[in-house]
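Engineer: this is a predicted model, with the sequence first.
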Amino acid sequence: MILPGSIFQGDLSASLAPQYRHWLDEEKVCLLQLGSRQQGLMAQKNNPLKLKDLTDLTRRSIRFINRQKDSGTRTIFDELLRHAGISKTRIRGYDDEEFTHLAVAAMLASGAVDAGFGIKAAASKFGLHFIPVVVESYVLAISREVSSEVVAEFQGLLRSDGFIRKLKSLPGYLPANTGNVISTEKLLAGE
């Protein structure tokens, strides 16, 4: 079994680590780093409402679109709100949901909403303003039942010039130790 996933870097790692730890048992999986990506606030082109940070979402005039419950992005967003002391009840549209980053960006581009939270690549695709908030580490969890030869092949693919070039071509994505094995502790510590 091979599963992609992401863990955010910095202060959020410690508070959300318990939610991820049970999936990342090193006796059962090997973790390979894929890279990192930026998530943040997306606003309409040229940021006409002058959004700067999460507190601006509490302005009653701001219409927000959220990601669906249980998505990684929603988990990150909710934790950011908790850290900032912002009640979700103060955000107009908090309960309005879309199921992809591109759908959130499309809602913004259409003018239906003023702000959303998602990846820089989606904001760039629609020409939206992007305010970086958090960086996620992307990993590939490979079952320990998979042979070491297959793991080595994955490492080779991840470290290839083609993969690195493709990753760099995506706005907000960076090759960060791509193809390297990372321990659960280091990953969850946001290192």
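Structural biologist: Cool, got the structure. Numbers count the residues shown, from 1 in each chain.

Engineer: I figured residue 187 was touching residue 138, is that so?
Structural biologist: No: the criterion here is CB atoms under 8 Å, and residue 187 misses it with residue 138 at 10.4 Å. (Each C-beta comes from the backbone N, C-alpha and C, glycine too.)

Engineer: so between the two, which is more surrounded?
Structural biologist: Residue environment comparison for residue 187 versus residue 138 gives the larger neighbour count to residue 187, 23 against 19, counting by other CB atoms under 10 Å.

Engineer: output the helix or strand where that one lies as PDB, nothing but the C-alphas.
Structural biologist: Mapping residue 187 onto the secondary structure by DSSP states H and E places it in helix 184-188. Taking C-alpha atoms only, helix 184-188 is exported to PDB below (Å, rounded to 0.1, in the frame of the first residue of the first chain):
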ATOM      1  CA  THR A 184       7.700  10.000  11.900                       C
ATOM      2  CA  GLU A 185       9.100  12.100  14.700                       C
ATOM      3  CA  LYS A 186      10.900  14.500  12.400                       C
ATOM      4  CA  LEU A 187       7.900  14.800  10.100                       C
ATOM      5  CA  LEU A 188       5.500  15.500  13.000                       C
END
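
Engineer: that helix - contacts with which helices or strands?
Structural biologist: Applying 3 or more CB pairs under 8 Å, 6 or more residues apart in numbering; DSSP states H and E, we find helix 184-188 packed against helix 12-21.

Engineer: show the subsequent helix or strand relative to the helix it packs on.
Structural biologist: As assigned by DSSP H and E, the chain's next helix or strand after helix 12-21 is strand 29-43.

Engineer: chain center to the helix or strand just after that following strand: distance?
Structural biologist: Read in the C-terminal direction, the helix or strand following strand 29-43 is strand 64-67, with elements assigned using DSSP H and E. Put simply, strand 64-67 sits 14 Å off its chain's centre (CA atoms, centre = their mean, to the nearest Å).

Engineer: how about residues contacting strand 64-67?
Structural biologist: The list of residues contacting strand 64-67 from outside it, by CB atoms under 8 Å, 6 or more residues apart in numbering, reads 57, 73-74, 77, 91-99, 101, 104, 107-108, 112-118.

Engineer: got the contact list for residue 176?
Structural biologist: If you count contacts by CB under 8 Å, 6+ apart, residue 176 has them with 33, 35-36, 137.

Engineer: most neighbours of all the residues you listed, which one?
Structural biologist: Using other CB under 10 Å as the neighbour definition, those reach their maximum at residue 137, which records 24 neighbours.
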